[in-house]
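# Provided below for reference: sequence and predicted model.
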Amino acid sequence: MIQGSVKKSQPTWGGLPLLLLVLLHTGCGADEPAVSEVEPVAERVVSVSTVLIESRDVVDKASLPAELLPMRRAVLAAEVAGVVEKVHVDKGDVARSGKVLVEIDTRDLRQRLAEAEAVFRHRSELFRRAEKLLARRSITENQYLDAVTERDVAEAQLATARLMLEKSRLAAPWSGTVAARHVEVGDYLAPGQAVVELMEVRRLKARSPVASSDVPFVRLGLDAELRLDTFPDEIFRGTVTSLAAELDATARTLDIEVELDNSDGRLRPGMYARLEIPRRTYPAAVLAPLAAIVELEDARVVYVVEDGRAVQRRIELGPVVGDQIVVTSGLEAGEWLISEGQHQVSPGQLVQAIDA
C-alpha cells in the first residue's frame, strides 16, 4: 500500500506578503486617530461701495428743447420811391426809438410839397372870396360849395405831400438792434422794398414744443428755468407768456413761449436751450443713484447692507432727477445702499463696505 503525504492548509494571515503586514502595523498605531479632521471653508466676502440714503423735497420737471428768439422783429420797408441818400446804421447797431436809419433824396418830394402849398393858398383865397360873395348873395349856394370842396381837396393834397416828405426818412418805430441792412447809398428804392431789419433783444422769448402729456402742467404766468450749454453753471429764469391755441396735428405738441430778461445782452437770438417747467412736487422724497438699480426680468431691485450682508429690495420708481431717481417704495432714508458692486452680490451675501 502506498502511503501518500497530506498537505496542511496555512493560516490566512500567513498568506499576506510581509510588506503588507508591515504597512498595516505602522498605519494603525495606537497613538493616531483612524479618521483625520476636515477644516471648514471660509465664506467669501465681496467688497462694495455704499451710500447713505437721504430724503429731500424734489420737484419733477419736464425738460424741453427751446430756441431763443427776439422779443419782436420787424422788416422796415420803403414807403416812398427814391434814391438812398444817407444810411445812418449798420448791422449790429443799437437804434433808439425815433432814430433816423435811412434817408431818401427829397428834392422831388420838396418840389411836390411846394406845389401843394401854392395850390392850397390859392384855393383858400377863393374860399374866402366865396364866403363874402355868398353873404351878399352874389353867388349861389352850389358855387359856394364848390369853393369849399376845392379848398378841402387842396388841403388834403398838402397833407399828403408833407407825409410823403416825412416818410422819406425811415425811422426806428421802437428801440432795438439792427439785424440786417439791405441797402447802400445810391440804391433806388421802390415802395415796399425791404430796407432794414430791426429786432428787440433786451428781452427774449424761448419757444418750445410741449408734449401733449405735459400740457396740463402748463399755464400762463408759470415760472420756468432755462439752461444753456454756453453758460453751463447758470440758470436763467422766465415766465410763460404765450400758449398756442391748438396742438400740432403731426407732432401732437403745443408751442409755448417763455419771456426772459436780457438787459445785459449776454444771450443771443438763435441760441438753443433746455427749458424746464415744473410738473409735480415730491415732499421728503427718497433718492437713489441710477447706477445702483439692478434690472431683473420682472422687477427692479437694489441691495442694502444689513448686519454685514446684502439684502435685496424690490422697488418702485418715480421721476429721474439728474443722475438720481425717486424711489417711491422699497427703500427708506437712513439705509446704506450698495452703489457699486451690486452685480457681484446675491441675497444674504457677506459684504464689506469699503467707504461706509
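Ah, there it is. Numbers count the residues shown, from 1 in each chain.
# contacting residues for the residue nearest the centre of the chain?
In the chain, the C-alpha nearest the mean C-alpha coordinate belongs to R274, at 1.4 Å (CA atoms, centre = their mean). R274 makes contacts with S63, L64, P65, A66, L226, R227, L228, as judged by CB atoms under 8 Å, 6 or more residues apart in numbering. The way it works is simple: take the backbone N, C-alpha and C, and place the C-beta from them, glycine included.
# Surely it forms part of a strand?
Yes. Under DSSP: H, G, I helix; E, B strand; the rest coil, R274 falls within a strand.
# low-confidence ranges in the stretch 1-150 of the chain?
1-41 (pLDDT under 70).
# mind running it again at 50?
Applying pLDDT under 50 to the stretch 1-150 of the chain flags the ranges 1-30, 34-35.
# ok, the contacts of R274 vs W336, which is closest?
S63 (30.8 Å; CB to CB).
# That closest one: neighbouring residues, count only.
13 (other CB atoms under 10 Å).
# That one belongs to a strand?
Yes. Assessed by three-state DSSP, S63 belongs to a strand.
# wait, doesn't it sit right on E276?
Yes. Between S63 and E276 a contact is recorded at 5.4 Å, counting by CB atoms under 8 Å.
# E115 is in contact with A154, correct?
No. Using CB under 8 Å, A154 is not in contact with E115; the gap is 10.5 Å.
# quick one, which of these two is more surrounded?
A154 (21 against 13).
# what's the more buried one in contact with, if anything?
A116, V119, F120, H122, R123, S124.
# try 6 Å
Taking CB atoms under 6 Å, 6 or more residues apart in numbering, we find A154 in contact with V119, F120, R123.
# Name the member of those residues with the shortest distance to R266.
Taking CB to CB as the measure, R266 lies nearest F120 of those, at 54.4 Å.
# correct me, but the closest one touches Q157?
No. Between F120 and Q157 there is no contact, the gap being 7.3 Å when judged by CB atoms under 6 Å.
# More neighbours: which of those two?
F120 (21 against 18).
# give me every residue that touches that one.
With contact set as CB under 6 Å, 6+ apart, F120 has these partners: A154, E155, L158.
# got TSV for these, with distance to A95 and secondary structure too?
Below are those laid out as TSV (distance: CB to CB, whole Å; DSSP: H, G, I helix; E, B strand; the rest coil):
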residue	distance to A95	secondary structure
A154	37	helix
E155	34	helix
L158	31	helix
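# so can I have TSV of those residues showing distance to G265 and pLDDT?
Converted to TSV, the contacts of F120 look like this (distance: CB to CB, whole Å; pLDDT from 0 to 100):
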residue	distance to G265	pLDDT
A154	51	95
E155	48	96
L158	45	95
